[in-house]
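> okay, here's the prediction I keep looking at, along with the sequence it came from:
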Amino acid sequence: MKIIVKRRHFNHPWIFSNEIIKKENITPGSIVLVEEQRKIIGTGFYNPHSLIAIRLFSYTEEKFDHDFLLKNLKSAWTKRSGMGNSYRLVASECDGLPGLIIDKYNAYFVIQINCLGMEQYKEVIKEILIDEFKAQGIYEKSDEGLRKREGLDVANSIIFGEIPDLVEIEQDGLRFLVDIKNGQKTGFFFDQRENRKMAKELAKGEILDCFCYTGGFSIYVGNKGSVLGIDSSEGAIALAKKNAEINNLKCSFECAEVFKTLREFAKAGRRFDTIILDPPSFTKSKKEKRDALRGYKEINLSAMKILNPDGLLFTGSCSYHISRQEFLEILQTSAQDAHKQFQIIKEGMQSKDHPVLLNFPESNYLKSFCLRVLD
Ligand code: SAH
């Protein structure tokens with residue numbers, strides 16, 4: 001099947017419905033060959049019910065079958081060599097496999113399929129994970145919102161073998177227990193690995209880890225000072241405590257709302273030498289952007305106010321609707337309102353198991369800065 005398009009962005013893996021000029025009667029989920037001005041620009045999955053009408057898996061004419069999947073999965077795996085036993089094995093478009101996310105937790109795998117075309121290859125993917133990657137268990141956890149837009153049902157179950165209630169993984173010599181079945185997203189936020197290392201290198205003194213989840217940052221900085229982690233999820237806090245225990249660290253964790261807690265700390269005159277802010281994506285769409293900007297401003301301003309002289313702020317945004325420049329502007333106005341001057345000590349991004357495609361700016365979503373107060 002062939003589709004003629006006129007694209008706005010060169011080499012971008014998504015083709016939007018309004019970029020399609022001519023198409024035959026094509027079944028949703030089919031594989032299509034895409035042409036622009038009589039030149040083949042790639043092969044992809046077609047779904048007329050989605051705003052992203054075509055997701056390219058190749059930039060030439062190519063078949064999508066068992067061998068193609070095996071080749072790309074092996075290639076993704078090779079690119080992660082040296083990352084230990086647990087990481088994001090497949091980051092969809094950025095690994096040439098649109099709509100497919102696979103996280104590897106030791107011998108257990110979590111897969112997420114967010115595109116109708118890819119959905120049809122679930123059994124093949126499963127087979128490869130079992131035969132080639134020696135999976136002991138596979139859990140399918142597919143995001144409700146994204147699947148709905150593609151006309152797919154929610155999926156949340158074991159699709160092969162067994163999944164223990166808690167799976168232990170290793171990250172840079174530290175141990176983490178992951179609750180694959182009940183945890184948030186796919187269970188663990190691998191994308192912050194490099195930024196956690198950055199925090200480990202520099203953190204000091206009284207350390208406050210806001211939005212700590214199961215202790216990702218807290219455990220990395222656990223022996224650099226006295227750590228307090230806060231998160232609104234009771235389940236996450238319970239697991240963070242266990243994670244500190246298995247790493248022989250003395251960290252404190254409290255179940256609390258961050259916005260409110262930061263205001264209370266300011267009122268009570270409580271101060272910290274290091275503050276980590278790793279909030280959830282406050283915006284999933286452009287529409288919510290104004291509220292999100294307000295949210296980022298509030299937590300950054302509050303954190304800046306309660307930093308000790310020479311204190312460090314590790315702050316980030318994982319929303320791709322907010323650009324690096326916009327995020328920097330939030331930090332600048334927050335610093336101005338806090339009446340403090342800051343140096344940018346380091347800048348980070350998502351770790352390399354979440355690669356960024358140069359011509360796919362949407363894939364570059366995580367922005368991270370380490371600031372130091374100048375007094
Ligand atoms: N820093 C973590 C990941 C953070 S994910 C790590 O390194 O693993 C975002 C977390 O923010 C989630 O655990 C969620 O429960 C928490 N959260 C969301 N809104 C919150 C709020 N208003 N107050 C406190 N925690 C919140």
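Structure's in. What do you need?

> and the contacts of stretch 251-267?
With contact meaning CB atoms under 8 Å, 6 or more residues apart in numbering, stretch 251-267 is reached by 208, 210-212, 215, 218-219, 222, 226-234, 237, 240-241, 244, 272, 279, 295, 298-299, 302-303, 305-306. Glycine gets a C-beta too; all of them are placed from N, C-alpha and C.

> same question for that stretch, mean pLDDT?
Model confidence over stretch 251-267, given as mean pLDDT, is 98.

> one more: stretch 79-96?
97.

> just to revisit the earlier point, now, the contacts of stretch 251-267 that are in strands?
Among the contacts of stretch 251-267, the ones falling in strands (DSSP state E) are L208, C210, S226, V227, L228, G229, I230, D231, F272.

> which one of the residues you listed sits in the busiest neighbourhood?
In terms of neighbours by other CB atoms under 10 Å, the ones in strands among the contacts of stretch 251-267 top out with G229 at 31 neighbours.

> could you check the pLDDT of the closest residue to that one other than its chain neighbours?
In space, and not counting its chain neighbours, G229 is closest to C212: 3.3 Å by CB to CB, 6 or more residues apart in numbering. On pLDDT, C212 comes in at 98.

> with K286 instead?
On pLDDT, K286 comes in at 72.

> cool, and the one 3 residues further on?
With respect to pLDDT, K289 scores 89.

> report the contact partners of it.
T283, H321, I322.

> can you tell me the SS state at R88?
strand (DSSP: H, G, I helix; E, B strand; the rest coil).

> name whatever forms a beta bridge with it.
Per DSSP bridges, the residues bridged to R88 are D103.

> so what's the residue count around it?
R88 is flanked by 28 other residues according to other CB under 10 Å.

> ok, it touching I102?
Yes: the criterion here is CB atoms under 8 Å, and R88 meets it with I102 at 7.3 Å.

> circling back to that earlier point, which two of the ones in strands among the contacts of stretch 251-267 have the greatest separation?
S226 and D231 (17.7 Å; CB to CB).

> OK, contacts around L301?
Counted by CB under 8 Å, 6+ apart, L301 has contacts S334, D337, A338.

> pull the contacting residues for the residue of the stretch 101-250 of the chain found nearest the ligand.
Nearest residue of the stretch 101-250 of the chain to the ligand, counting by CB to the nearest ligand atom: G216, 2.2 Å away. When contacts are counted by CB under 8 Å, 6+ apart, G216 touches F176, F188, F189, Q192, R196, D278.

> what's the answer for I31, then?
M1, T43, G44, F45, Y46, F64, G117.

> of those, which are in range of the ligand?
Filtering the contacts of I31 for neighbours of the ligand using CB under 6 Å from any ligand atom leaves an empty set.

> quick one: buried ones out of those residues?
Among the contacts of I31, those scoring as buried are T43, G44, F45, Y46, F64, G117 (criterion: 16 or more other CB atoms under 10 Å).

> farthest-apart pair in those, please.
Farthest pair in the buried ones among the contacts of I31, by CB to CB: Y46 and F64, 11.8 Å.

> now the common contact residues for those two.
Counting by CB under 8 Å, 6+ apart, the contacts common to Y46 and F64 are I31, G117.

> what bridges to the closest residue to I163 other than its chain neighbours?
Of all residues not flanking I163 in the chain, G137 sits nearest, at 4.3 Å (CB to CB, 6+ apart). With DSSP bridges as the criterion, G137 is bridged to Y108, G161.

> and the pLDDT for G137?
Taking G137 on its own, its pLDDT is 98.
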